[in-house]
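> fold the following.
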Amino acid sequence: MPRTVSVVMPAYNEGWCIYENIRTTLAVLEEAGIPAEIVAVDDGSRDNTRDEIERAAGDFPNVVSTRNPYNMGKGMALRTGFERSTGELVVFLDADLDLHPSQVRRLVTVLEEGRYDIVVGSKHHPESKLDYPATRKIASWGYYLFIKGLFGLPVRDTQTGLKVFRRKVLEDIFHRLLVKKFAYDIELLAVAVRFGYRIREIPVVLDFKRQLRWGRIRLADVLHLFVDTLAIFYRLRILRYYDTERPPLPKERKDVLVVVIDGCPSEEVVERLTFDGVSRIACLRENGISEDRTDKSGHPVFTSRTSMANWIASQAGETEAVGFLSRDCLPIGSWVKSALRNFADPEVEAVCGPVIPGPLSGMGEKIAGMVFSSPYTRGADARLHSYKPVASVQKGLSCNLFLRTGLFVEDGLEAAGYSFGEEYFHDTSPRRNRMRYDPDVAVSRRIPPFPFPYLRIMAAKAFRDGCRVWQWRNPGCLFCAAAPLLIPLFLTAGWMYLPGGINWMPAAAYGLAVLSDGFSYFSPRLGLPVAVGIVMEHLVRALAFPAGMIAGLFGKGRMMRG
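Numbers count the residues shown, from 1 in each chain. This is a model prediction of the structure:
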């Protein structure tokens with residue numbers, strides 16, 4: 001037997017049973033002669049799960065209590081538990097004990113004696129004994145056939161909540177994964193096979209305790225599972241996303257300063273930052289107050305970027321990096337740690353990430369979120385609003401950004417070739433690889449629902465872009481802002497100048513492209529509304545942008561005459 005086995009138990013709203021299940025697991029492992037610790041993770045439960053886990057940690061010395069500040073999904077809960085674990089072998093065990101912990105001994109024995117790297121319990125093994133609803137059996141077999149065709153994994157079941165890993169496997173793989181919820185199993189195992197780790201499956205005894213036919217899995221969850229699985233296939237086989245070498249999350253706690261833009265942070269933002277290891281927060285409010293001060297929570301409040309930059313420069317010896325976060329954004333996952341691991345590369349001076357629309361609570365917000373993050377509306381900036389592979393970039397969003405503190409010392413950011421805009425942060429230097437985009441450095445921001453609130457915001461933004469067109473020095477930004485204006489011009493030119501038999505083809509190609517993007521979300525309910533939303537945004541921006549250009553031209557003329 002290994003010196004230590006860490007059993008990671010993710011729990012969400014399991015307050016009614018988690019204490020007793022922890023006690024049972026400890027007793028079973030002790031009787032089996034397995035030296036173990038249990039890392040119980042409360043994944044933002046709404047009941048008393050957290051209190052019950054802490055009670056167990058107080059009663060039993062080898063129980064570790066940890067939590068996520070909000071419901072981040074089972075994949076993130078397992079990652080949180082792994083970061084707190086110390087064992088040479090790591091066991092994933094569902095907290096409801098549908099799979100009894102007495103089966104852990106067999107998994108560990110097979111792993112050690114067979115020289116495997118991963119051993120998983122399988123419901124589809126011929127020797128498995130299942131007390132399991134027929135509907136779940138059919139769905140499980142259907143999903144097995146689906147992933148077998150995509151990945152060809154050497155296992156028949158990826159979703160059973162009992163697995164054991166050598167620690168090195170998770171150290172090599174966990175920090176590469178993107179999926180946080182139900183498809184985390186297939187992503188983890190597919191990437192493990194990609195890296196050459198050996199997997200063995202063994203039979204299990206499963207006693208399904210949930211009263212509902214599907215347990216906690218809803219139809220929407222099943223749909224998301226299939227969409228996420230296809231996304232994993234795309235990243236694995238086409239993008240080769242997981243092949244990119246990435247440093248693991250830093251284990252030691254490093255000092256980071258986070259500047260909240262446009263106000264002071266909410267309690268939820270402070271809680272998430274504290275959970276991520278941030279103890280120093282400052283605020284930037286360029287409007288509304290006349291002098292620098294301190295708010296009620298003791299956070300320094302600055303009225304200008306100049307005074308803020310001077311203060312940051314004075315902190316250079318105490319903080320490694322400075323993060324910038326808009327007040328209306330919420331960090332997702334290990335926001336700070338994900339950014340800091342990029343600074344392990346000495347050439348990287350800035351790290352940016354996506355601002356994801358969300359949380360999306362209604363049909364209108366879901367449509368708006370999909371329209372907003374579409375490459376047909378954001379163009380090249382779609383990277384900044386969706387999860388894309390790690391890449392070196394020249395532009396990031398000012399509201400989700402990390403900079404080395406040393407950039408504020410001596411001559412400052414401008415001398416180093418960086419500039420803050422109203423919305424974007426630019427690297428204007430001819431050097432490359434200085435600013436990195438990382439999809440794990442993600443934040444979420446609420447978005448107004450479709451149609452009218454969303455379109456009103458897009459019209460106002462297009463009008464402002466048109467007003468500023470005479471001041472722009474970056475052709476790329478100008479083209480991105482003016483692109484919707486070019487679409488009707490292109491369609492009109494095709495209708496007017498192409499021969500009569502094919503003058504409809506530009507419009508047909510445009511409609512097909514928009515429809516394919518709408519249905520690329522694999523949602524029959526949302527596909528057509530998203531396509532219509534893309535067309536409506538193009539139309540609104542095509543009208544608002546030239547109106548802004550005219551207003552900006554006359555405003556510029558008045559300024560010149562003045």
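> who are the packing partners of the helix ranked longest in the chain?
In the chain, taking DSSP state H as the definition, the longest helix is helix 524-561. For helix 524-561, the elements it packs on are helix 363-372, helix 375-378, helix 452-467, helix 475-497, helix 505-519, judged by 3 or more C-beta pairs under 8 Å, 6 or more residues apart in numbering; DSSP states H and E. Placement of C-beta: from N, CA and C, glycine included.
> what does the last one contact?
If I follow you right, that is helix 505-519. Applying C-beta atoms under 8 Å, 6 or more residues apart in numbering, the contact partners of helix 505-519 are 370, 374-376, 487, 490-491, 493-495, 498, 526-532, 534-535.
> tell me the strands in the stretch 151-300 of the chain, going along the chain?
Counting by DSSP state E, counting those that start in this stretch, the stretch 151-300 of the chain has these strands, from start to end: 162-166, 199-203, 205-207, 256-261, 280-284, 293-294, 300-302.
> turn these into a markdown table, columns for mean pLDDT, mean neighbour count and distance to residue 390.
Listed next are the strands of the stretch 151-300 of the chain as a markdown table, based on pLDDT from 0 to 100; neighbours: other C-beta atoms under 10 Å; distance: least, C-beta to C-beta, whole Å:
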| stretch | mean pLDDT | mean neighbour count | distance to residue 390 |
| --- | --- | --- | --- |
| strand 162-166 | 93 | 23 | 24 |
| strand 199-203 | 89 | 19 | 26 |
| strand 205-207 | 73 | 16 | 38 |
| strand 256-261 | 91 | 23 | 20 |
| strand 280-284 | 89 | 21 | 27 |
| strand 293-294 | 76 | 12 | 38 |
| strand 300-302 | 86 | 19 | 32 |
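> okay if I get those strands as TSV plus distance to residue 361?
Putting these into TSV (distance: least, C-beta to C-beta, whole Å) gives the following:
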stretch	distance to residue 361
strand 162-166	33
strand 199-203	39
strand 205-207	34
strand 256-261	24
strand 280-284	27
strand 293-294	35
strand 300-302	31
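> go through those and name the closest to residue 156.
Taking C-beta to C-beta, strand 199-203 is the member of the strands of the stretch 151-300 of the chain nearest to residue 156, at 6.5 Å.
> the closest one pairs with which strands?
strand 118-122 (parallel) (DSSP bridges).
> could you tell me the angle between the partner strand and strand 162-166?
170 degrees (axes from the mean of the first three to the mean of the last three C-alpha atoms, to 10 degrees).
> sorry, back to before: just give me the lowest mean pLDDT stretch among the helices and strands packed on helix 524-561.
Mean pLDDT values for the helices and strands packed on helix 524-561 show the minimum at helix 475-497, a mean of 73.
> what's the closest of the strands of the stretch 151-300 of the chain to residue 365?
Across these, residue 365 has its closest neighbour in strand 256-261 (23.1 Å, C-beta to C-beta).
> so what are the sheet partners of the closest one and their directions?
Partners of strand 256-261 in its sheet, by DSSP bridges: strand 280-284 (parallel), strand 321-326 (parallel).
> turn the ones you listed into JSON lines, including distance to residue 415.
Output for the strands paired with strand 256-261, formatted as JSON lines (distance: least, C-beta to C-beta, whole Å):
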{"stretch": "strand 280-284", "distance to residue 415": "21"}
{"stretch": "strand 321-326", "distance to residue 415": "17"}
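> and residue 99, which of those strands is closest to it?
Checking the strands paired with strand 256-261 against residue 99 by C-beta to C-beta gives strand 321-326 as the closest, at 40.1 Å.
> now residue 85: closest residue in space that isn't a chain neighbour?
Leaving out its chain neighbours, the residue that sits closest to residue 85 by C-beta to C-beta, 6 or more residues apart in numbering is residue 6, at 3.6 Å.
> now for residue 367, how many residues are close by?
Applying other C-beta atoms under 10 Å, we find 24 residues neighbouring residue 367.
> of the helices and strands packed on helix 524-561, flag the one that's most buried.
Across the helices and strands packed on helix 524-561, the average number of neighbours (mean count of other C-beta atoms under 10 Å) peaks for helix 363-372, which reaches a mean of 23.
> for residue 393, find the nearest of the strands of the stretch 151-300 of the chain.
strand 256-261 (19.9 Å).
> pull the CA atoms of that closest one into PDB?
Extracted in PDB, the C-alpha atoms of strand 256-261 (Å, rounded to 0.1, in the frame of the first residue of the first chain):
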ATOM      1  CA  VAL A 256      -0.900  40.400  -5.800                       C
ATOM      2  CA  LEU A 257      -2.600  43.800  -5.900                       C
ATOM      3  CA  VAL A 258      -6.000  43.900  -7.600                       C
ATOM      4  CA  VAL A 259      -7.300  47.300  -8.800                       C
ATOM      5  CA  VAL A 260     -11.100  47.500  -9.100                       C
ATOM      6  CA  ILE A 261     -12.100  49.900 -11.900                       C
END
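> how far off centre is it?
Relative to the chain's own centre, strand 256-261 is displaced by 20 Å; criterion: C-alpha atoms, centre = their mean, to the nearest Å.
> looking at it, residue 339 is touching residue 403, isn't it?
No - the pair residue 339 and residue 403 fails to qualify as a contact (C-beta atoms under 8 Å) at a distance of 9.9 Å.
> show me which of those two is the more surrounded one.
Applying other C-beta under 10 Å to residue 339 and residue 403 shows that residue 339 carries more neighbours, namely 27 against 24.
> ok, and the closest non-adjacent residue to that one?
In this structure, residue 339 finds its nearest non-sequential neighbour in residue 402, 4.2 Å apart by C-beta to C-beta, 6+ apart.
> given the helix or strand encompassing that neighbour, what are its sheet partners and their directions?
Following DSSP states H and E, one finds residue 402 within strand 400-404. Its sheet considered, strand 400-404 pairs with strand 321-326 (antiparallel), strand 350-352 (antiparallel) by DSSP bridges.
> can you tell me which of those strands is most buried?
Comparing those by mean count of other C-beta under 10 Å gives strand 350-352 as most buried, with a mean of 26.
> strand partners of the next helix or strand after that strand, parallel vs antiparallel please.
Going down the chain from strand 350-352, the next helix or strand is strand 355-357, by DSSP H and E. Paired neighbours of strand 355-357 in the sheet (DSSP bridges): strand 443-445 (parallel).
> ok now the strand it pairs with, how far from the chain's centre?
Relative to its chain's centre, strand 443-445 lies at 9 Å (C-alpha atoms, centre = their mean).
> roughly how far apart are residue 174 and residue 311?
Separation of residue 174 from residue 311 (C-beta to C-beta, to the nearest Å) stands at 36 Å.
> ok, those two, which is more surrounded?
Between residue 174 and residue 311, counting by other C-beta under 10 Å, residue 174 is the more crowded of the two (19 against 16).
> quick one: the more buried one from residue 14, how far?
According to C-beta to C-beta, residue 174 and residue 14 sit 23 Å apart.
> residue 303 contacts residue 283, correct?
No - contact criterion C-beta under 8 Å: residue 303 and residue 283 do not qualify, at 10.0 Å.
> so where's the stretch 251-400 of the chain shaky on pLDDT?
The model of the stretch 251-400 of the chain has pLDDT under 70 over residues 253, 288-290, 292.
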